[in-house]
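In: Need the 3D shape of this:
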Amino acid sequence: MGTTKKIPMRQCIGCQEMKSKKELIRVLKTCDEEIVVDTTGKKNGRGAYLCKNAECLKKAKKTKSLERSLKVDIPTDVFEQLEKELDNIETR
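Out: Numbering: from 1, shown residues only. Sure, this is the predicted structure:
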């Protein structure tokens with residue numbers, strides 16, 4: 001018998017659905033309290049995951065689930081950066 005590789009699953013903070021880690025965008029709070037978008041998924045810090053669609057981002061912004069998940073206030077420029085990242089993904 002062959003061994004099957006375990007696929008890491010994460011929950012989207014917008015729609016609350018479990019998806020594979022590669023299908024989601026990671027938003028990261030670094031040890032310096034800085035909020036960044038982690039495109040590699042390997043940076044150190046506390047992470048929260050979002051689906052790669054604008055609806056989940058709107059829902060997360062409205063319900064403040066990103067703030068709760070990262071335990072810090074999120075500046076508006078981070079949401080703008082996330083929207084640009086989503087636009088880049090959708091145009092590919």
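In: where does the chain dip in pLDDT?
Out: Residue ranges of the chain with pLDDT under 70: 1-2, 90-92.
In: And for residue 38, the neighbour number?
Out: Close neighbours of residue 38, defined as other Cβ atoms under 10 Å, add up to 16. Any C-beta I mention is one placed from the backbone N, CA and C, and that applies to glycine too.
In: And it, how far from residue 4?
Out: According to Cβ to Cβ, to the nearest Å, residue 38 and residue 4 sit 27 Å apart.
In: Helices along the chain, start to end?
Out: For the chain, the helices defined by DSSP state H occupy 54-63, 65-70, 76-91.
In: could I get these as CSV with mean neighbour count?
Out: Listed next are the helices of the chain as CSV, based on neighbours: other Cβ atoms under 10 Å:
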stretch, mean neighbour count
helix 54-63, 16
helix 65-70, 18
helix 76-91, 13
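In: wait, which of those helices is closest to residue 31?
Out: Of all the helices of the chain, the one in closest proximity to residue 31, counting by Cβ to Cβ, is helix 65-70 (12.5 Å).
In: ok, residue 61 - contacts?
Out: By Cβ atoms under 8 Å, 6 or more residues apart in numbering, the residues touching residue 61 are residue 79.
In: measure it to residue 50 for me?
Out: For residue 61 relative to residue 50 (Cβ to Cβ), the value is 10 Å.
In: What of residue 39?
Out: 13 Å.
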